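Asker: Predicted model and sequence follow; I will ask about them next.
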Amino acid sequence: MSRPSPQMLKRISGLEAEIGYTFRDKPLLIKALTHSSYGDGRANRRDNERLEFLGDRVLGLLTAEYLFALDQKDEGSMARRLNALVRKEACARVARKIDLGTYLLISPSEVRQGGRDKTSILGDAMEALLAALYLDGGYETVSRFYNEFWQDELQAIMQKGTKDPKTALQERASAAGFGLPKYTVVERSGPDHRPLFVIEVSVEGLGAAQGTGKSKKDAERYAARHLMEKLDER
C-alpha cells in the first residue's frame, strides 16, 4: 500500500482518538477500514477480508479467555455465551459505539445503500480492526481494547439465563397456547467457505424476529433470542 496522504492520516486519527490507541503501521489500519466495494471492484484493491479472518480468531480467544476466568458454568453454557459475544451483531454494536462506520472506505453506491450502518459490514470491519490492533500492538493492546469496549456485551450475556434460546422460545410459545416457532432463511451471503445467514423466526400470535449467524443453527438461535427479547419488552 502506498504512503497515506495527509488527508487520510487526518481521517484515521479520528478513529485512533476514539479507541485510545495510535497505530505505528498506518497502512495496516487503513487496510482494516477498506471494504471490498472500495475502488468499485478494481483488482488491485487491498481490502480487509484477510484481516477479518484473523480478527474472528482473536475475538474468539479473547472471549474464551474471559469466560474461562469468570464463568464457572459447564462447557455447553460457555460455548453458547461465546457464540453470542462473537456474532456479527455484537461486533456491529461495538462498532457503532466507536462510530466505526464513519471511517470506513467503501464505494459511493454502498454508501447510498446504507453501508456505513449495515450490521454485516460493521461486524466484518470490527473483526478486521481487532486483527490490526493485535498485529500492530500485540495481545495486550487488543485485550485492553476488548476489555473496554466489550463490557456492555459481556455484562448483558452474563446476566442472561443459559438455556438454549430455541428451546426457551418453544417452551414459551407452548405455554401460551401457540404453535411451534417457524424458521425461514431470509438471506444467504458470503463465499461458500464463509457464509453468513439471516434467518427469521415467527410464532403466530407472538410475532417475528431475525438473527444473523455464520451457520443456520447460529442464526436460528439469535433469531429466537431476539424474539424472546422483544416479548420481554412488551
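Answerer: Arrived safely.
Asker: Which helix or which strand is home to the nearest residue to Arg116 once chain neighbours are set aside?
Answerer: Nearest residue to Arg116, sequence neighbours excluded (C-beta to C-beta, 6 or more residues apart in numbering): Gly101, at 3.6 Å. For every residue, glycine as well, the C-beta is placed using N, CA and C. Per DSSP states H and E, Gly101 falls inside helix 100-103.
Asker: other SSEs contacting that helix?
Answerer: Judged by 3 or more C-beta pairs under 8 Å, 6 or more residues apart in numbering; DSSP states H and E, helix 100-103 is in contact with helix 6-19, helix 119-137.
Asker: Next one: the closest residue to Ala90 other than its chain neighbours relative to Gln7, how far apart?
Answerer: Closest residue to Ala90 in three dimensions, ignoring its sequence neighbours and counting by C-beta to C-beta, 6+ apart: Glu153, at 5.1 Å. Applying C-beta to C-beta, to the nearest Å, the value for Glu153 to Gln7 is 34 Å.
Asker: same check, this time on Ile106
Answerer: Taking C-beta to C-beta as the measure, Ile106 falls 17 Å from Gln7.
Asker: Compare these two (neighbour count), which wins?
Answerer: Counted by other C-beta atoms under 10 Å, Ile106 and Gln7 do not tie: Ile106 has more neighbours, with 22 against 7.
Asker: other SSEs contacting the helix or strand containing Ser143?
Answerer: Using DSSP H and E, Ser143 sits in helix 139-149. Under the contact criterion of 3+ C-beta pairs under 8 Å, 6+ apart, helix 139-149 touches helix 49-70, helix 119-137.
Asker: Please repeat the previous calculation with a cut-off of 6 Å.
Answerer: Judged by 3 or more C-beta pairs under 6 Å, 6 or more residues apart in numbering; DSSP states H and E, helix 139-149 is in contact with helix 119-137.
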